[in-house]
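Need coordinates for the below:
(2 chains)
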There are 2 protein chains.
Amino acid sequence: MDEFSLINSVKQPYYRQSSLLKGIGDDAAVFKERQDNIVIATDVFVEDIHFSQKTMSPEQVGYRALAVNLSDLAAMGAQPTFYMVAIVVPSKWKNKIKEIYEGMNKLALEYQIDLIGGDTVSGEQLTITITVIGSVFPNSVRYRSHAKASDIVFVTETLGDSRAGLHILQTGKNYIEAEYFIQRHRYPKARIKFAQSLTSIDRLALNDISDGIISEAAEIATESKVDIVIDESLIPISEHFYQFDKTLQRKWKLFGGEDFELLGVTSISNWEKIKKLSEKTKTKVTKVGYTENPESMDAPGKVYLEENGRRTLILDRGYTHLNEEGD
Amino acid sequence: MDEFSLINSVKQPYYRQSSLLKGIGDDAAVFKERQDNIVIATDVFVEDIHFSQKTMSPEQVGYRALAVNLSDLAAMGAQPTFYMVAIVVPSKWKNKIKEIYEGMNKLALEYQIDLIGGDTVSGEQLTITITVIGSVFPNSVRYRSHAKASDIVFVTETLGDSRAGLHILQTGKNYIEAEYFIQRHRYPKARIKFAQSLTSIDRLALNDISDGIISEAAEIATESKVDIVIDESLIPISEHFYQFDKTLQRKWKLFGGEDFELLGVTSISNWEKIKKLSEKTKTKVTKVGYTENPESMDAPGKVYLEENGRRTLILDRGYTHLNEEGD
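Reported below is the predicted structural model:
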C-alpha cells in the first residue's frame, strides 16, 4: 500500500468533532476553540523498546499507543478531541499498518475523537509518534504544581498489573487470571472519564502513572515544592497479584509503570467528594499517602516510603527511556 | 545525556508566546487561543530517507526539519506559534542531539516560536517527528480547495535549486555558485512572512512545494475540482541552473521538490496586488499558468504542461514516501 492509498484507507468517512474545520487532505488541519484552553502532548513508540510483535498484535499496538497518549490528557483534566499519527514503517510491517490504525480507531470511537493528520514514511524500525489534542476549562486544568503541604495522595484502581501481564507474556508460565493481567498490559485504560468527572474539584494535581508511582510522585512533589510520603501497604493491588515473586511484586507496584492509572494530590477536604464522584465512573480510588512541607526548601520533591512507622527516602527518579532498565 | 538532562538542556529559559500557559514540564502543554483558528501539522524525518550525515550537519538537520514543518503552516496562511519534537536516537547520534535542537532553535528564534513539548527515546534509526502549531484568521486560511476556473497560478522564487544542491553534495563535482545551491538544500526558507503579507487577499489556494510543482498543482486541482495548465518555460529557475544536465534540470524543477516554495492559485484580479505585497517581504513571485474547468467533471484535478502551444497531460502524481524514487 503506498502513502496515498494508506491515507485514504484510514481517513474517516466523517468527523465527530464539530470544532474541526479541516481534517486530513491539506497542508495542515484547522480547528477552532473559543471557550477552553488547548492541551497538546506527543509520545513516540518504538518496536522492541515500547512493544514487541512477540507480545502484541498490530491492532493492540495501535490501541495501546493511543491509550498512552490519551492518558496524558486525562492527567491534565482535559477532554480529548483530535489526534495525529506519524509513522515509520519497515517493509515487514507494511501489510499490518492498517491494523495498527484500526486499533487506534477502536479507542478513538470510544472518545469520539478524530484522526486529523499525520505522515507516513518507510524506515528500518516501526516508530509511531502520536500527537493528541484536547480542551480543558481554564479552572480545572490539573498541573503537577497544584499540590500543597498536608494534602492527601491517592491513586486510581490497582498498580503493577500491566508489568505482571508483560511478565506472563514473556515467560509463558501459568498464572491465575493470566488473561486479566495480559489485558491490563495490552489495553490500558486512559482515565479520561474519571478525570473529567472531577471538574468541580477546586484544586488537584494529577499525573498518569507511566513510569511507576514513585517517579510520578517525585514529579508532583518537585513541581509543587513539597515532599510526599507514601504508605507502601496502602498501594492498591489486584486480587491475584500476590501469586508473583515478592521482589517482583514490590518492583512492579512501585516502579513498574505503564499502568496508566492516575496519581492525584488534593486537599483533605476534597477527599470525600472525590470518592463520591469516582463512583459515577466506576473508578476505584485509594488514599496512599500525604504531602508535607519539604525537609529542605532548597531541595523539595523528596518521596518517602513509610511502612510500620519506618520511613525510607526513595531516591529513584524512575525509568528514563535513554537508559534502559532490565526485567 | 539521559532524557532528563536532555529536556533540561533544550528547555527554553523563557517562552516567547504570551498565549502559552504551560510549556515543557507537565503531562502536556497548555495554551489559549481566543480569536483565531488553530492550525496543526506533523512531519517525520528519517535518517538516510530524508537526510544523511554525509551531506548535512546535525545543526542543519534540525534547522531543515523545522523549516519543512513551518512551510506547511505558510501554505495554510498561518502564523506559527509552537512546536513539539519527538525524537528517536541511535547511540551513535547521542552526542549530537543537542546540536539538532540548536538548529531548530535558530529558526524558532527567527519566528519567535516556542518548543513546548516532546519525547525522547533510544532506537536504531534517527527519527525526528515535529508537530507545529499556528494560528490563522478564519478569513485568510488558504485551503487547496480555494481555486476556481480561470484563476492564475504562481510560484515564489525559483524551483529545482534544492535538488541541485543535493546533487552537488552527492557527486562532489565542481559547479558555479555551488554554495548557493547547497544552502538552498540545507536551509530551506518557509515562506511564512510572504504568506502572512497576503491576509488582505480574499481568495487564495496555497500549497508548499515539497514534492515538486506538478504534484502540488495536482493536489490543488483535485481539491478545487479544476484542471491546471502550467507553461514550463515560465517556471522560474535561478541564474546558474542552466549548468546542469538538461534532463536533470527538467526533472528537478518539475518533480524535484524540497524547495518549499509556495504554489498559489488566485483570481486574475488579485495578481497585481499580490505582486505589490510580495515586494514587502522581498519574495519574487512568477505567474506560471492558469486553471480551467475540468475536461471531465468526473475526474477533475488534471495537470497539463504547455510549451510552444503544445499541451501534455502529466499523469505523475509525484513522489510518495512509501515508494522511493531514484536519482
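
How far off centre is the helix or strand of chain A with the lowest mean pLDDT?
Lowest mean confidence among the helices and strands of chain A (mean pLDDT, DSSP states H and E): helix A:3-10, at a mean of 73. Helix A:3-10 sits 29 Å away from the centroid of its parent chain (Cα atoms, centre = their mean, to the nearest Å).

Kindly report the same for stretch A:195-204.
When C-alpha coordinates are averaged (Cα atoms, centre = their mean), stretch A:195-204 and its chain have centres 18 Å apart.

thinking again about what came up before, continuing past the least confident helix or strand of chain A, what's the next helix or strand?
Once the chain leaves helix A:3-10, the next helix or strand it forms, by DSSP states H and E, is strand A:20-22.

other SSEs contacting that following strand?
The contact analysis (3 or more Cβ pairs under 8 Å, 6 or more residues apart in numbering or on different chains; DSSP states H and E) places strand A:20-22 against strand A:29-31. Just so you know, the C-beta spots here come from the backbone N, C-alpha and C atoms, and that holds for glycine as well.

Other residues contacting the strand it packs on?
Defining contact as Cβ atoms under 8 Å, 6 or more residues apart in numbering or on different chains, one finds that strand A:29-31 is touched by A:17, A:19-23, A:81-82, A:84, A:116-117, A:133, B:37-41, B:76, B:136, B:141.

can you give me the strands in chain A?
Ranges of strands in chain A, per DSSP state E, are A:20-22, A:29-31, A:37-46, A:79-89, A:114-122, A:127-136, A:152-156, A:204-208, A:227-231, A:262-266, A:285-292, A:303-307, A:310-314.

okay, those in TSV with distance to residue B:64, mean neighbour count and mean pLDDT next?
What follows is the strands of chain A, written out as TSV (distance: least, Cβ to Cβ, whole Å; neighbours: other Cβ atoms under 10 Å in any protein chain shown; pLDDT from 0 to 100):
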stretch	distance to residue B:64	mean neighbour count	mean pLDDT
strand A:20-22	26	18	91
strand A:29-31	23	25	93
strand A:37-46	20	25	96
strand A:79-89	17	25	96
strand A:114-122	15	23	94
strand A:127-136	18	27	96
strand A:152-156	43	24	98
strand A:204-208	34	27	97
strand A:227-231	43	23	95
strand A:262-266	39	27	98
strand A:285-292	46	20	97
strand A:303-307	42	19	90
strand A:310-314	43	12	86
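
Could you dump the ones you listed into CSV with distance to residue B:258 added?
Shown next, in CSV, are the strands of chain A (distance: least, Cβ to Cβ, whole Å):
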stretch, distance to residue B:258
strand A:20-22, 24
strand A:29-31, 22
strand A:37-46, 24
strand A:79-89, 18
strand A:114-122, 14
strand A:127-136, 21
strand A:152-156, 47
strand A:204-208, 39
strand A:227-231, 50
strand A:262-266, 44
strand A:285-292, 53
strand A:303-307, 49
strand A:310-314, 50
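
tell me the angle the longest helix seen in chain A makes with strand A:152-156.
When chain A is parsed with DSSP state H, its longest helix is helix A:58-74. If you take axes from the mean of the first three to the mean of the last three Cα atoms, to 10 degrees, helix A:58-74 sits at 160 degrees to strand A:152-156.

Show me what helix A:58-74 is packed against.
For helix A:58-74, the packing partners by 3+ Cβ pairs under 8 Å, 6+ apart come out as strand A:37-46, strand A:79-89, helix A:97-111, strand A:127-136, helix A:178-186, helix A:192-197, strand A:204-208.

and if we set it to 7 Å?
Of the remaining helices and strands, those touching helix A:58-74 by 3 or more Cβ pairs under 7 Å, 6 or more residues apart in numbering or on different chains; DSSP states H and E are strand A:37-46, strand A:79-89, helix A:97-111, strand A:127-136, helix A:192-197, strand A:204-208.

Output the ones you listed as TSV; include the columns distance to residue B:185.
Formatted as TSV, the helices and strands packed on helix A:58-74 follow (distance: least, Cβ to Cβ, whole Å):
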stretch	distance to residue B:185
strand A:37-46	27
strand A:79-89	22
helix A:97-111	30
strand A:127-136	25
helix A:192-197	44
strand A:204-208	42
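
mind checking which of these is nearest residue B:11?
Residue B:11 lies closest to strand A:37-46 among the helices and strands packed on helix A:58-74, at 15.5 Å (Cβ to Cβ).

tell me the angle of the longest helix of chain A relative to strand A:204-208?
For helix A:58-74 against strand A:204-208, the angle by the same axes, to 10 degrees is 160 degrees.

which intervals of the stretch 201-327 of chain A have sub-threshold pLDDT?
Counting by pLDDT under 70, the low-confidence segments of the stretch 201-327 of chain A come to A:315-327.

got the residue ranges for the helices in it?
A:213-224, A:246-251, A:271-280 (DSSP state H, counting those that start in this stretch).

can you list the residues that contact the last one?
Applying Cβ atoms under 7 Å, 6 or more residues apart in numbering or on different chains, the contact partners of helix A:271-280 are A:152, A:194, A:197-198, A:201, A:266, A:285, A:287.

Identify the residue nearest residue A:192 in space, chain neighbours excluded?
Spatially, and ignoring its direct neighbours in sequence, residue A:192 is nearest to residue A:74 (4.7 Å; Cβ to Cβ, 6 or more residues apart in numbering or on different chains).

what's the pLDDT at the one you found?
pLDDT, residue A:74: 97.

Any idea how many residues pack against the residue nearest to residue A:258 when sequence neighbours are not counted?
In this structure, residue A:258 finds its nearest non-sequential neighbour in residue A:162, 4.4 Å apart by Cβ to Cβ, 6+ apart. Other residues lying near residue A:162 total 26 when counted by other Cβ atoms under 10 Å in any protein chain shown.

For the residue nearest to residue A:192, give me its contacts.
By Cβ under 7 Å, 6+ apart, the contact list for residue A:74 reads A:190-192, A:195, A:208, A:262.

Stretch A:236-248: which residues count as buried?
Neighbour counts over stretch A:236-248 (16 or more other Cβ atoms under 10 Å in any protein chain shown) mark A:236-238, A:241, A:244, A:248 as buried.

What values do phi and psi take at the residue nearest to residue A:193 when sequence neighbours are not counted?
Excluding its sequence neighbours, the residue lying closest to residue A:193 (Cβ to Cβ, 6+ apart) is residue A:281, at 4.5 Å. The phi/psi pair for residue A:281 (degrees, to the nearest 10) reads phi -100, psi 10.

tell me which residues form a beta bridge with residue A:207?
Beta bridges link residue A:207 to residue A:263, judged by DSSP bridges.

For the stretch 101-250 of chain A, which residues are neighbours of chain B?
Residues of the stretch 101-250 of chain A that fall close to chain B, judged by Cβ under 7 Å from any Cβ of the partner chain: A:117-125, A:127, A:129, A:131, A:136, A:141, A:143-144, A:207-208, A:223.

and stretch A:132-151, how far out from the chain's middle?
Using Cα atoms, centre = their mean, the mean C-alpha position of stretch A:132-151 is found 15 Å from that of the whole chain.

go on, stretch A:300-312?
Here stretch A:300-312 shows a centroid-to-chain-centroid distance of 25 Å under the convention Cα atoms, centre = their mean.

thinking again about what came up before, which strands or helices does the least confident helix or strand of chain A pack on?
Counting contacts by 3+ Cβ pairs under 7 Å, 6+ apart, helix A:3-10 is packed against helix A:97-111, strand A:114-122.

Please point out which parts of the longest one sit buried.
Translated: helix A:97-111. Using 16+ other Cβ under 10 Å as the test for burial, helix A:97-111 gives A:97-98, A:100-101, A:103-105, A:107-108, A:111.

now it and helix A:58-74, what's the angle there?
40 degrees.

what's in contact with helix A:97-111?
Against helix A:97-111 from outside (Cβ under 7 Å, 6+ apart): A:6, A:9-10, A:58-63, A:65-67, A:70, A:80, A:83, A:85, A:87, A:89, A:115, A:192.

What of stretch A:154-174?
Applying Cβ under 7 Å, 6+ apart, the contact partners of stretch A:154-174 are A:55, A:175, A:178, A:181-182, A:184-185, A:188, A:191, A:194, A:209, A:213, A:235-238, A:241, A:244, A:249, A:252-253, A:256, A:258-259, A:261-264, A:283-288.
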